[in-house]
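> Just a sequence and a predicted model for now, questions to come.
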Amino acid sequence: MTSRTPPYYVLASHDTLQPGTAAQTSSVLAHVDIQYRHTDDSPLSLLPSHPDEHVFVLYHDPDNPTAPTIKSTSSQFALSGVKVSQAPGAGMDDDKNSNMYVLQVTSVGADHSHADLESSQASLRDPQALVTRFKQRNHAIRRILEYPG
């Protein structure tokens, strides 16, 4: 499952907390635009070109392809991990890396998803809803802090 060629199949898994439910998170998969940079390229090329662009850097070491690391240049997102698996339908005869890289992204900026939960008087009186929200946030923070990148 290891490959010395750079990642080709890359998705971002954006975890969002679901207000008012007992579910931990829901995950949305999205395609990402890939731009290959090399270690001798200027680091200025990693800066976002407009305010709504978020740049994630996946470092692929050809000498150690099983341990990619990722970083975020965005203050709104943190990366909590990367999952590498065989890409479904990827041809083995291809020159491309046949692995699927799923970047696990969590929002860390202003969390508007909880506005309804916290502004609702009914929810403020419901200790179970408050405990559930607390556990969801702690789970997200723990994943982010445990990621070695």
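Everything's here; your move. Numbering: from 1, shown residues only.
> Can you name the residues that contact the residue sitting nearest the centre point of the chain?
Compute the mean C-alpha point of the chain, and by CA atoms, centre = their mean the closest residue is Val105, 1.8 Å away. Neighbouring residues of Val105 by CB atoms under 8 Å, 6 or more residues apart in numbering: 12-15, 56, 72, 77-80. All C-beta atoms are positioned from the backbone trio N, CA, C, and that covers glycine.
> Kindly recompute the last result at 6 Å.
Contact partners of Val105, counting by CB atoms under 6 Å, 6 or more residues apart in numbering, are 12, 14, 77, 79.
> what pLDDT, on average, does the helix or strand containing it get?
Element membership of Val105 [criterion: DSSP states H and E] is strand 99-107. If you average the pLDDT over strand 99-107, you get 85.
> Could you spell out the sheet neighbours of that strand, each with its direction?
Counting by DSSP bridges, the strands paired with strand 99-107 are strand 9-16 (parallel), strand 77-86 (antiparallel).
> what's the burial count for Gly129?
One thing to correct before we go on: residue 129 is Ala, not Gly. Counted with other CB atoms under 10 Å, the neighbours of Ala129 add up to 19.
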